[in-house]
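In: below is the structure, and that's it, no one-letter string:
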């Protein structure tokens, strides 16, 4: 699993890296893992508070280099069912690999979010 925070909050307060660095590093790590014959997943932390353009760009990039699946994470439990549906639907249009979703129930929406993500 290759996981890194992509929201402006995590980029500023957690690891201090910009999207160019995150993308470059993800490519390097994914290529290394793949060279060892290991299945690889890329997931962004705090996906629902990440900039959509940044998010789709990095998911497209890792899909093109052959990740097995990408993950969407509701790290802080702020997503609602409409957001879950919209993000998965949008992501389906830009990647060919499998998509998974990781949800938290802080606002009581985890099951509804999971259901709408499957639609």
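Out: Nice, thanks for sending it over. Keep in mind it's a predicted model, so treat the numbers as computed, not measured. Numbers count the residues shown, from 1 in each chain.

In: what's the weakest-modelled helix or strand in the chain?
Out: Lowest on mean pLDDT, DSSP states H and E among the helices and strands of the chain sits helix 8-10, with a mean of 82.

In: list the buried residues for the helix or strand where residue 30 lies?
Out: Element membership for residue 30 (DSSP states H and E) is helix 19-35. Buried residues in helix 19-35, defined by neighbour count with 16 or more other Cβ atoms under 10 Å: 19, 22-23, 26-27, 30, 33. The way it works is simple: take the backbone N, C-alpha and C, and place the C-beta from them, glycine included.

In: which stretches of this protein form strands?
Out: Here the chain has its strands, by DSSP state E, at 2-5, 41-45, 69-73, 98-102.

In: for the last one, name the packing helices and strands.
Out: Using 3 or more Cβ pairs under 8 Å, 6 or more residues apart in numbering; DSSP states H and E as the contact criterion, the secondary-structure elements in contact with strand 98-102 are strand 41-45, strand 69-73, helix 81-92, helix 110-118.

In: the second one: partners in the sheet, and parallel or antiparallel?
Out: Spelled out, that is strand 69-73. Paired strands of strand 69-73, with direction, are strand 41-45 (parallel), strand 98-102 (parallel) (DSSP bridges).

In: please identify which of those strands is closest to residue 88.
Out: Nearest of the strands paired with strand 69-73 to residue 88, taken as Cβ to Cβ: strand 98-102 at 6.1 Å.

In: how about the closest one: buried residues?
Out: In strand 98-102, counting by 16+ other Cβ under 10 Å, buried: 99, 101.

In: relative orientation of it and helix 81-92 in degrees?
Out: Between strand 98-102 and helix 81-92, the angle comes out at 150 degrees (axes from the mean of the first three to the mean of the last three Cα atoms, to 10 degrees).

In: show me how far strand 98-102 is from its chain's centre.
Out: The chain centre lies 8 Å from the centre of strand 98-102; the measure is Cα atoms, centre = their mean, to the nearest Å.
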